[in-house]
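Enquirer: below is the sequence, then the predicted model.
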Amino acid sequence: MNLSSDEVKHIASLAKIAMSDSELKVIGSQLSQILDQFRSLSTLNTENIEITAHPTSLNTVLRTDDITNSKADKSMLDNAPRKEGDFVRVRSVLE
């Protein structure tokens with residue numbers, strides 16, 4: 001499938017890419033080759049092929065979130081430059 005110069009210019013404008021005329025010719029040729037490769041896929045018989053969203057099965061391995069320390073240790077708070085009760089005091093971010 002040979003893309004016309006106008007089609008390549010339109011694709012470039014959609015992608016917000018400025019191209020010179022020589023670049024448009026090169027990209028047009030490359031895009032045409034890519035589209036020809038996809039066209040060859042349409043000749044494959046996929047009649048009895050199961051539809052899949054991903055070529056392999058995906059199993060997400062998750063761990064449970066276990067709370068191990070609900071309050072800050074005294075040793076952690078000792079390293080803080082400013083403390084307020086059981087919390088680290090920081091400068092305000094928003095005024």
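Expert: Thanks, I have the structure now. Numbers count the residues shown, from 1 in each chain.

Enquirer: Gly28: neighbour count?
Expert: The number of residues packed near Gly28 is 20, by other CB atoms under 10 Å. In short, each C-beta sits where N, CA and C put it, glycine included.

Enquirer: what's near enough to touch it?
Expert: Residues counted as contacts of Gly28 (CB atoms under 8 Å, 6 or more residues apart in numbering) are Asn2, Leu3, Ser4, Ser5, Glu7, Val8.

Enquirer: lowest-scoring secondary structure element of this structure by mean pLDDT?
Expert: helix 74-78 (a mean of 79; mean pLDDT, DSSP states H and E).

Enquirer: what helices or strands is that helix leaning on?
Expert: Taking 3 or more CB pairs under 8 Å, 6 or more residues apart in numbering; DSSP states H and E as the contact definition, helix 74-78 has no neighbouring helices or strands.

Enquirer: now the protein, which segments are flagged as low pLDDT?
Expert: Filtered on pLDDT under 70, the chain yields the residue ranges 69-72, 95.

Enquirer: which stretches in it count as strands?
Expert: 83-84, 87-88 (DSSP state E).
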